[in-house]
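Visitor: Provided below for reference: sequence and predicted model.
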Amino acid sequence: MRKTDARRLKHSELTELRKRGVSAVQDGQPATLVAKVFGVQKSTLFGWLARYRRGGWGALDARKRGGRPPKLSAKMLQWIYDTVMKDPRQMKFPFALWTSIMVAELIWHQFHIRLSKASVCRLLNQLGFSPQRPLWRAFQKDVELVEKWVKEEYPKIRALARKQKADIFFGDEAGVRSDFHSGRTWAARGKTPIVATTGARFGCNMISAVSPRGAMRFMLVEGRVTGNVFVEFLKRLIHNQPRPVFLIVDGHPVHKSVAVSRFVASTKGKLQLFRLPPYSPELNPDEQVWNHLKNHGVGKQTIAGPDHLKRMILSHLRKMQKLPSLVRSFFGMPETVYAAT
């Protein structure tokens, strides 16, 4: 790529070049690529960004000279940009997601310049970053089976429950790991950030069930959830339950195990199991229990060890259990409202 000699450009041409370069970075284009396309040094590009940060678009006017020096120079901006493109743990931060407070701390330690949270957010936006969720979930599902479940299968289950005066619960198993992170991280626009993990982690497995009436049951598990472990949860679920229980779960092999089938048969109708369509976790309101636990409970906390993690999980689940309105709200999601009544 041929380099652009700014000295040979007219003032108006250089001004336009600067504005286009700054706009490209702010739109999320990689700074290295923008500099290459515009035929300038990367340091020159960050000089334009420093000018813009100091005085807005007017500061990019090539006819203007001098002015007070920017608080953050071109070299500083380039260092900040290159650093935020890395994993925070490379900078010895314990948290894997960039936050504006962390970036402010980084700038203070590196340059001894104090910036407010608003200034840091504005700076990151000017450098082409935006707050994004780094985790995504993909699943396969049969749309026709899902539609049949919502319009035909579940209404039949609900009608049968009313006839037998049974309570409907949705159940699920989940695990929370010490390296789970909740929230957003600053990253280049258009590039989904990835959080790398190591083997140095620990976790806790759980089983829970929720009903449209706001009832919630849960059990923490030592080790894997097996057929016998799930049977223990089922025993607790129906213990002192005056009405029959219809439990809706996914197609996990544990739910189809011999131990579970034998136990369900032994209850003589007090407990019946039904299964959701394959690959359709969004249909299960109990998924929101784990989402709430991870995103509002332990996902943003510093975990000291396995016992600490367990105590935090127990505390949060017990709080949820005392909030029937919160549990009922899990049946108000667009994908779960079908089961609200």
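Guide: Alright, I've got the coordinates.
Visitor: drop to CA atoms for contacts and neighbour counts, all remaining ones
Guide: Noted.
Visitor: Direction included, what does the strand ranked longest in the chain pair up with?
Guide: The residue-count maximum for a strand in the chain (DSSP state E) belongs to strand 167-177. Sheet neighbours of strand 167-177, with direction, are listed as strand 203-210 (antiparallel), strand 245-249 (parallel) (DSSP bridges).
Visitor: how far out from the middle of the chain is that strand?
Guide: The chain centre lies 19 Å from the centre of strand 167-177; the measure is C-alpha atoms, centre = their mean, to the nearest Å.
Visitor: before we move on, what about stretch 211-220?
Guide: For stretch 211-220, the distance to the chain centre is 24 Å (C-alpha atoms, centre = their mean).
Visitor: Run through this structure and note the low-pLDDT ranges.
Guide: Along the chain, segments meeting pLDDT under 70 span 1-8, 64-70, 89-96, 132-141, 177-203, 297-305.
Visitor: wait, isn't Thr336 in contact with Ser329?
Guide: No. The pair Thr336 / Ser329 is not scored as a contact, 9.7 Å apart, by C-alpha atoms under 8 Å.
Visitor: Okay, buried residues for stretch 278-285 please.
Guide: Of all the residues in stretch 278-285, those buried under the rule 16 or more other C-alpha atoms under 10 Å are 280-281, 283-285.
Visitor: Tell me the secondary structure at Val260.
Guide: Taken by DSSP: H, G, I helix; E, B strand; the rest coil, the conformation at Val260 corresponds to helix.
Visitor: That one: neighbour count?
Guide: 21 (other C-alpha atoms under 10 Å).
Visitor: all strands of the stretch 1-150 of the chain, in order?
Guide: 129-132 (DSSP state E, counting those that start in this stretch).
Visitor: Output the strands paired with strand 167-177 as JSON lines; include the columns mean neighbour count and distance to Gln126.
Guide: What follows is the strands paired with strand 167-177, written out as JSON lines (neighbours: other C-alpha atoms under 10 Å; distance: least, C-alpha to C-alpha, whole Å):
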{"stretch": "strand 203-210", "mean neighbour count": "21", "distance to Gln126": "39"}
{"stretch": "strand 245-249", "mean neighbour count": "22", "distance to Gln126": "47"}
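Visitor: and of these, who's closest to Ser315?
Guide: When the strands paired with strand 167-177 are compared by C-alpha to C-alpha, strand 203-210 sits nearest Ser315, at 13.5 Å.
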